[in-house]
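Participant: sequence and predicted structure, then a few things I'm wondering about:
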Number of protein chains: 2
Amino acid sequence: MTVRQRLLDAAAELIAERGWGAVSTRVLADRAGVGSGVVHYHFDSLQAVLTEASLGALRTAVDELPQVLDSVDTPADALAALLAALDGHGGQELFIETFLAATRNDELRGAVAEILIRFRAVLAAWLAERDVPTPVETAAVLAAAVDGVLLHRALSADLTREVVVPVLGRVLR
Amino acid sequence: MTVRQRLLDAAAELIAERGWGAVSTRVLADRAGVGSGVVHYHFDSLQAVLTEASLGALRTAVDELPQVLDSVDTPADALAALLAALDGHGGQELFIETFLAATRNDELRGAVAEILIRFRAVLAAWLAERDVPTPVETAAVLAAAVDGVLLHRALSADLTREVVVPVLGRVLR
DNA sequence: GAATGTACTGGACGAACGTCCAAATCGCCA
DNA sequence: TGGCGATTTGGACGTTCGTCCAGTACATTC
């Protein structure tokens, strides 16, 4: 793996671990196993690394969404698969941190909003095929609800799949 | 208002505006209109200000929840009131930032978890009175979903009450 | 083997950070 | 008025920050 990619992977890890505002050039270089100067050799700024890393993780997650959804049939299984898929990507904190950072950076906001639109579109198409009412609106709310569940789950371990799926499943009828 | 309270108010504002990790002693003192040294006269550390400010905002929101819920009758109105109430408290970003900070600080995590339990309990009691099935689980998921909606709404203005309430309302039947 | 260009190192730079503290200021009681 | 404790100030401290850059290492080309 190239040094550039190692930096991006390390950035995604550190955003989730420490928060967007607490990732520094030196810990980033350390985690990637390179000298501290290499960050500004491959990227214009620290913010550029964080932005590219977080957007890459989001895009990967959305790109994998169709095959995740198509591997299940029932809405309940889809919900469970959705939660598991987003949970797996280096911790839910990365997505939440990126959303929050996007509210404070116009360039990032536009990119995240675009990815979110694609996420909703894929989800809405799957819902429409299964005759869920108002698939577009349902997809938008469901995407938000799943993010909220991931956030709360970080603090409250009892928000398990067994609790979430039956309740959120009512949205899909 | 005391200087101490002005510092707490300024801290809540700045956490929402800049993020937990980007609030410094100097901008905090500036926003409160005091000298930079006064922060460590009233508080042990910068983290102590942020912690007390964010927990105070959370507790206030939960304390106001019963009267918010009791002022409406239908589940749809309750959802709308819930969204509006949490939205009003100096921006939804404060709550999300606090949740994320709590995942990285054990003392904060315990306090936030306790407040979340109270929030769920109040909501569950209201749901039980209206014969919503599995009120405890529904309250837990609904609290998470509302937080997620607030987060997504910051990036996507089309997640209006008119879209959210009908979809999330299906959870309450 | 010399030259060239890419990739990387480690340290320098000024700025901003959290924390602390001596001095200045305030309100209040003797 | 004088004195005292509580409050506030602005700056000092050592550290860490983002960024930059002279120098090194290495592969590739003549």
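Facilitator: Arrived safely.
Participant: neighbours of the closest residue to residue A:173 other than its chain neighbours, just the number please.
Facilitator: If the residues on either side of it in the chain are set aside, residue A:173 comes closest to residue B:170, at 6.9 Å by Cβ to Cβ, 6 or more residues apart in numbering or on different chains. From N, CA and C alone the C-beta is placed, and that goes for glycine too. Using other Cβ atoms under 10 Å in any protein chain shown, residue B:170 has 18 other residues around it.
Participant: how about the residues of chain A near DNA strand C?
Facilitator: A:2-4, A:29, A:34-38, A:41-42 (Cβ under 7 Å from any atom of the strand).
Participant: the residue nearest to residue A:155 when sequence neighbours are not counted: what secondary structure?
Facilitator: Of all residues not flanking residue A:155 in the chain, residue B:113 sits nearest, at 5.4 Å (Cβ to Cβ, 6+ apart). Here residue B:113 is helix, with the state taken from DSSP: H, G, I helix; E, B strand; the rest coil.
Participant: ok, now which ones touch residue B:113?
Facilitator: Residue B:113 is in contact with A:155-156, B:102, counting by Cβ atoms under 8 Å, 6 or more residues apart in numbering or on different chains.
Participant: any idea how far it is from residue B:138?
Facilitator: 19 Å (Cβ to Cβ, to the nearest Å).
Participant: in a markdown table: the contacts of residue B:113, plus neighbour count, secondary structure and pLDDT.
Facilitator: Formatted as a markdown table, the contacts of residue B:113 follow (neighbours: other Cβ atoms under 10 Å in any protein chain shown; DSSP: H, G, I helix; E, B strand; the rest coil; pLDDT from 0 to 100):
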| residue | neighbour count | secondary structure | pLDDT |
| --- | --- | --- | --- |
| A:155 | 20 | coil | 92 |
| A:156 | 19 | coil | 90 |
| B:102 | 25 | helix | 98 |
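Participant: closest to DNA strand C out of these?
Facilitator: Distance to DNA strand C across the contacts of residue B:113 (Cβ to the nearest atom of the strand) is lowest for residue B:102, with 18.4 Å.
Participant: burial measure for the residue in chain A positioned nearest to chain B, as a count.
Facilitator: Residue nearest to chain B within chain A (Cβ to the nearest Cβ): residue A:148, separated by 2.4 Å. Residues lying near residue A:148 (other Cβ under 10 Å) number 26.
Participant: show me the contacts for residue A:121.
Facilitator: Counted by Cβ under 8 Å, 6+ apart, residue A:121 has contacts residue A:139.
Participant: nearest residue to the middle of chain A?
Facilitator: In chain A, the residue lying closest to the centroid (Cα atoms, centre = their mean) is residue A:95, at 3.8 Å.
Participant: that one against residue A:58, yeah?
Facilitator: Yes. With contact defined as Cβ atoms under 8 Å, residue A:95 counts as touching residue A:58 (6.8 Å).
Participant: where does the prediction get shaky in chain A?
Facilitator: Residue ranges of chain A with pLDDT under 70: A:90.
Participant: residues from it in reach of DNA strand D?
Facilitator: Within chain A, the positions near DNA strand D by Cβ under 7 Å from any atom of the strand are A:23-27, A:36-37, A:39-41, A:45-47.
Participant: of all residues in chain A, which one is closest to DNA strand C?
Facilitator: residue A:37 (1.8 Å).
Participant: give me the number of residues near residue A:26?
Facilitator: Neighbour number of residue A:26 under other Cβ under 10 Å is 11.
Participant: does it lie in a helix or a strand, and which?
Facilitator: Per DSSP states H and E: residue A:26 is located in helix A:25-32.
Participant: coming back round to it: among the residues of chain A next to DNA strand C, who's most crowded?
Facilitator: Highest neighbour count within these: residue A:29, with 20 neighbours (other Cβ under 10 Å).
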